[in-house]
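Participant: sequence unknown, structure follows:
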């Protein structure tokens, strides 16, 4: 008869790093996809605050220098989102974002494919796609790289927006 007592070490309760990065990736991507740019761009800034490390590094195959720090990433995201928000809210542009995970086997690295579809008030469609590589530290993104950018359709122009701006009067009424 054995009188061995079983006990569990604290390491037994530590989350699996592979699953932790995959869960954080799924949660981040779902937040991005479900945010509504026509309602607000602030949702996206809150996502940056919640998921990105203070010392995050961001880069792209279309830029020369990486950006460093959450404040710089927020500024870049803000500059990208404000025009999209205005086009959606005021200009009648419909936008949809889709994401697809790309399988990988490195513990703290994830890849995903993204598509942004813009449909102007005139029906003109512009689709932009890219891939994202992220490196995670626990549940925070410490590095994000965008690559493989592609576009189909011409960019939307002023004529593709629905701007209901009243015509200015051509003459002032007589005050006699």
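Facilitator: Cool, got the structure. In this text, all values refer to a predicted model and were calculated from it rather than measured experimentally.
Participant: for the host helix or strand of residue 75, buried residues please.
Facilitator: Per DSSP states H and E, residue 75 falls inside helix 70-89. For helix 70-89, burial by neighbour count (16 or more other CB atoms under 10 Å) applies to 70, 73, 77, 81, 84, 85, 87, 88. In this view, the C-beta of every residue, glycine as well, is placed from N, C-alpha and C.
Participant: wait, which of these is closest to residue 61?
Facilitator: Checking those against residue 61 by CB to CB gives residue 73 as the nearest, at 17.1 Å.
Participant: gap between the closest one and residue 35?
Facilitator: 16 Å (CB to CB, to the nearest Å).
Participant: for the spatially most central residue of the chain, which non-adjacent residue is spatially closest?
Facilitator: Relative to the mean C-alpha position of the chain, the nearest C-alpha, by CA atoms, centre = their mean, is the one of residue 32, at 5.2 Å. Spatially, and ignoring its direct neighbours in sequence, residue 32 is nearest to residue 47 (6.2 Å; CB to CB, 6 or more residues apart in numbering).
Participant: what about residue 58, helix or strand, and which?
Facilitator: Applying DSSP H and E, one finds residue 58 within strand 52-60.
Participant: what helices or strands is that strand leaning on?
Facilitator: Contact partners of strand 52-60 among helices and strands, from 3 or more CB pairs under 8 Å, 6 or more residues apart in numbering; DSSP states H and E: strand 67-68, helix 70-89, strand 140-152.
Participant: redo the ones you listed as a markdown table? Include distance to residue 110 and mean pLDDT.
Facilitator: Shown next, in a markdown table, are these (distance: least, CB to CB, whole Å; pLDDT from 0 to 100):
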| stretch | distance to residue 110 | mean pLDDT |
| --- | --- | --- |
| strand 67-68 | 20 | 96 |
| helix 70-89 | 17 | 92 |
| strand 140-152 | 9 | 97 |
